Each structure stands twice: as C-alpha cells, then as structure tokens.
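Asks: okay, sequence plus prediction incoming.
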Amino acid sequence: MQKATQQDTSIGALMRDIGLAAREASRQLALAPREAKDKALLIAANVLRRDAKDILIQNAKDVAAARAAGRAESLVDRLVLTEARIEGIAKGLEEVAALADPVGSVLSDWTRPNGLKIQRVRVPIGVIGIIYESRPNVTADAGALCLKSGNAAILRGGSDSYNSSSAIYAALAEGLAEAGLPQGAIQYVATPDREAVGLMLTGLDGAIDVIVPRGGKSLVERVQKEARVPVFAHLEGINHTYVDAKADLDMARTVLVNAKMRRTGVCGATECLLVDRNAPADYLPTLVKALLEAGAEVRGDSAAQAADPRVKAAQPGDYGHEFLDAIIAVKTVDGVGEAIAHISRYGSQHTDAIITADEATAERFLGEVDSAIVLWNASTQFADGGEFGFGAEIGIATGKLHARGPVGVEQLTSFKYVLRGNGQVRPG
C-alpha cells in the first residue's frame, strides 16, 4: 500500500508540474506572433523527415508489442507508421502552418447609437488536454492545431503507441525550442500509468480548460463519466452509406468499397450499407459482390443473403455496431425515409452518406440526417480534418455544443467582446 501511495504522489507531482507549465505557456501563446508558431511547425516537419528512420525503429517496437498482445490487424494498422505516413504527418504540419492565424481575427463589429464600438474577437481557449489511444499521428496533429490556435496542449497517448508518440513529440519539442516558444506549449505525458488520465480528467487544479478524447467507446465513456471540465466528445463512427434507387450503380460500387475498405480501422469507415429495395434488381447483388471481392465479411438481412450465398445472417447487434474491421452490415430499406429512420435509430451522429442521382432525395437526406457530417455521392472516409482543408484534426466531435465535426484550429478557439468608447456611461 505504501508503494502505491508513493507512486500516486509521484504521478500527482508530475501532472501538477505539467499543468502549471501548460497554464503559463498558454498565456504566452495567446500573444505569440504567427511567425513564431509557424516556424516551430515547419522546423518540426523537417525534423520528422530527418529522423524518419529512428521514428520507424521506435514504431516497430510498438507494432511488435501490439501483435504479440494479439491485437486485431485492423487496430495494428492504426498504429503502423511508414515512410509515406511520416511524410504525410510532416506535410500536415506544413499545412497547419499555412493556415490563417485565427487568433485576434474580428468575427464581427458594430457601433451602438451612443458611439460605443463593439468587436467580437477570436481568442484561444487556453489549455487543451488530449487523451488518445493507438494512433501516433495524433501527437503531431493535436500538438500542431493547439499551437496554431494559441493553446497549450497536454498530450496523453495510449501505451500501445508510447515509443512512436514519444519520437514524434521530440520533433515538436525541437521546433518549439528553435522558435523560442515555451516547452510547456506542447507536453507529452511520459508515463503509461492510467492514473495520469484520471488526474487530467479532474482538470489538474484548474489548469485544463477542455478535454478531447480520441479513441474507442470505453475511453470516451470514461472521459464523459469522470471529466470535471468540458469535453469535446468523439463518439463511435457508426457510419452508413445509403444507396438510393436512382443511384448510378458504378458510382455506388466504387464509393462504397472505398468507404468500407480504404482503411477499415478509421472512424470514417462505413459500417452499414443501406440499399433501397425499390432499386433495380442487380443493385444489391452487385454491391454485395463488390464488398466480398474486396475482402469484406458481409452480414445482411434476408434480401442480402438471397443476393449472394456468401452473406452471413446479420444479428441484431450488427446494426449500430462499429466493427473497425473488414466487416459490414447490410440492410434493405423502403426508400430514403426508412433509411433516415434507420440512421436515426442506429447511428452515432458521426458521418452518413447517400448515393443518388435524384437531387430532391439527396437534399432531404442531407437536411434530415442529424449527423456531424453528411455527404452526397462521396465516401464517408472524407470524414477527416485534412480532407476538409483544416491541415489536420484532433478528432470528429459528435456533440452539438461549440465544436462539431472535424476539430481544427477554429474549433479550438473561443471569442471575447472588445468594447471601445470615449467616456460613455450607462444612464440610471
């Protein structure tokens, strides 16, 4: 018992120091010029390229440990880094640097009849705590977006990616030092102990302003249950692609296979295919065959099973389930109305798509599906901040307060009102 107490005290002291350093850094970052923030990001991008081989060595340790622990290959894929993926991370840092600096931008301004001038000005939130699991690229994405938006970041990655994330963080730290910015601007919690997560959820004695969880359902549920500070929730990606009776079949097949199979372990992957039962007879067999030939396990209703004998019978739990694997549920529905009702019942308000040539049907779907991202004739795998032109993202927020959809630099800011007068007083 004494040993555990000493350990808890040590972690508590570590996290308090991290919180204090982040709070002090946030004050400096709020006033930091764009040039310094961009310099740090550009240097970090070059360091990632310079140290790519060393990063891959560290990543190989994490991948080997994950496989030894019996992790599913779809989850291992989230962890794996390659030279191309490191280059993509570096380019992401450069893209964030190229974005307009949101801090200090005037959102609106007006003058009252008494001559009082009012402006609504964008400002940083302060200190952002990011808790994530196996994706090492989140270290760079989250650190970069927080820095660009003038926020200090406290990063706590999962133990699965500890070596990889630590190596990527070293590049960010070098960028901060070279640009003359405080090291507390981006900090990586260098302990796999889960107690660190619990301390972050308490807010570190008021140091943390917002928590952003990025990971599986159990992580998000813990954060939402225990957090004593606001949370930008990133729930499951229970995403649907609905193929309407008036869809172009070739387009539907191409988009669907990409939406499910491009990367099955990402939150933007389609997990359920809905097909209009009024579609031409060859639609369902063609779509199911394309998925099977792409390597997917298909679990469907009676119509899907009749379309191809390789389809397994869907169980009730297959609808509304995030597989994060090469598995997809299939269901036939009676037009767009039933598709919308199914998504409302089983979806997670993340990302849903319709494939159709009928504009009125598409607009109804886009208007009535209450998800953070809705698409017409495009793959759900576009649910990504980089694809939105944000450079990167911290996650896809599925809540409705403050941030929704990809969380980029603008979503990591708030605003304040600045009033300028010349002696005005309010009448009694």
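Replies: Structure received. Numbering: from 1, shown residues only.

Asks: quick check: buried residues in whichever strand or helix holds Val47?
Replies: Using DSSP states H and E, Val47 maps to helix 34-50. Under the neighbour-count criterion of 16 or more other Cβ atoms under 10 Å, helix 34-50 has 34, 37-48 buried. C-beta coordinates here come from the backbone N, C-alpha and C atoms, glycine included.

Asks: next, give phi and psi for Pro230.
Replies: Note on Pro230: its backbone torsions stand at phi -60, psi 150 [degrees, to the nearest 10].

Asks: so who does the residue nearest to it when sequence neighbours are not counted touch?
Replies: Excluding its sequence neighbours, the residue lying closest to Pro230 (Cβ to Cβ, 6 or more residues apart in numbering) is Val210, at 5.1 Å. Residues in contact with Val210 (Cβ atoms under 8 Å, 6 or more residues apart in numbering) are Ile125, Gly126, Val127, Ile128, Gly129, Val229, Pro230, Val231, Phe232.

Asks: Leu375 reaches His350, doesn't it?
Replies: No: using Cβ atoms under 8 Å, Leu375 is not in contact with His350, being 11.6 Å away.

Asks: pLDDT weak spots in this structure?
Replies: 1-9 (pLDDT under 70).

Asks: can you show me the strands along the stretch 151-300 of the chain?
Replies: 152-156, 186-188, 210-214, 239-243, 270-276, 297-300 (DSSP state E, counting those that start in this stretch).

Asks: want to try JSON lines for those strands, with distance to Pro309 as columns?
Replies: Output for the strands of the stretch 151-300 of the chain, formatted as JSON lines (distance: least, Cβ to Cβ, whole Å):
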{"stretch": "strand 152-156", "distance to Pro309": "48"}
{"stretch": "strand 186-188", "distance to Pro309": "51"}
{"stretch": "strand 210-214", "distance to Pro309": "40"}
{"stretch": "strand 239-243", "distance to Pro309": "21"}
{"stretch": "strand 270-276", "distance to Pro309": "18"}
{"stretch": "strand 297-300", "distance to Pro309": "11"}
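
Asks: of those, which is nearest Trp110?
Replies: Nearest of those to Trp110, taken as Cβ to Cβ: strand 210-214 at 28.9 Å.

Asks: and that closest one with strand 152-156, angle?
Replies: Orientation check (axes from the mean of the first three to the mean of the last three Cα atoms, to 10 degrees): strand 210-214 against strand 152-156 gives 40 degrees.

Asks: list the buried ones in the longest helix along the chain?
Replies: The single longest helix within the chain, with elements called by DSSP state H, is helix 2-29. Within helix 2-29, the residues scored as buried using 16+ other Cβ under 10 Å are Ile11, Leu14, Met15, Ile18, Gly19, Ala21, Ala22, Arg23, Glu24, Ala25, Ser26, Leu29.

Asks: got a list of what the closest residue to Ala279 other than its chain neighbours touches?
Replies: Take Ala279 and drop its neighbours on the chain: the residue closest to it by Cβ to Cβ, 6+ apart is Ala245, 4.2 Å away. Taking Cβ under 8 Å, 6+ apart, we find Ala245 in contact with Asp276, Asn278, Ala279, Pro280, Tyr283, Gly335, Thr356.

Asks: next one: Leu274
Replies: Contacts of Leu274 (Cβ under 8 Å, 6+ apart): His240, Thr241, Tyr242, Val243, Val330, Lys331, Thr332, Val333, Ala339, His342, Ile343.

Asks: hmm, 10 Å instead?
Replies: Neighbouring residues of Leu274 by Cβ atoms under 10 Å, 6 or more residues apart in numbering: 240-244, 319, 329-333, 336, 338-340, 342-343, 346, 352, 354.

Asks: with Thr241 instead?
Replies: 252, 255-256, 258-260, 270-275, 287, 328, 339, 351-355, 375, 378-380.

Asks: can you pull the buried residues of stretch 251-258?
Replies: Buried-residue list, stretch 251-258, by 16+ other Cβ under 10 Å: Ala252, Arg253, Val255, Leu256, Val257, Asn258.

Asks: do the same with stretch 399-414
Replies: Buried, per 16+ other Cβ under 10 Å, within stretch 399-414: Gly399, Ala403, Arg404, Gly405, Pro406, Val407, Gly408, Val409, Gln411, Leu412, Thr413.

Asks: from those, which two are the most distant?
Replies: Across these (Cβ to Cβ), the longest gap, 18.6 Å, separates Gly399 and Val409.

Asks: so which residues of the stretch 301-428 of the chain form strands?
Replies: Counting by DSSP E, counting those that start in this stretch, the strands of the stretch 301-428 of the chain are 312-313, 327-333, 351-355, 373-376, 396-397, 405-406, 413-420.
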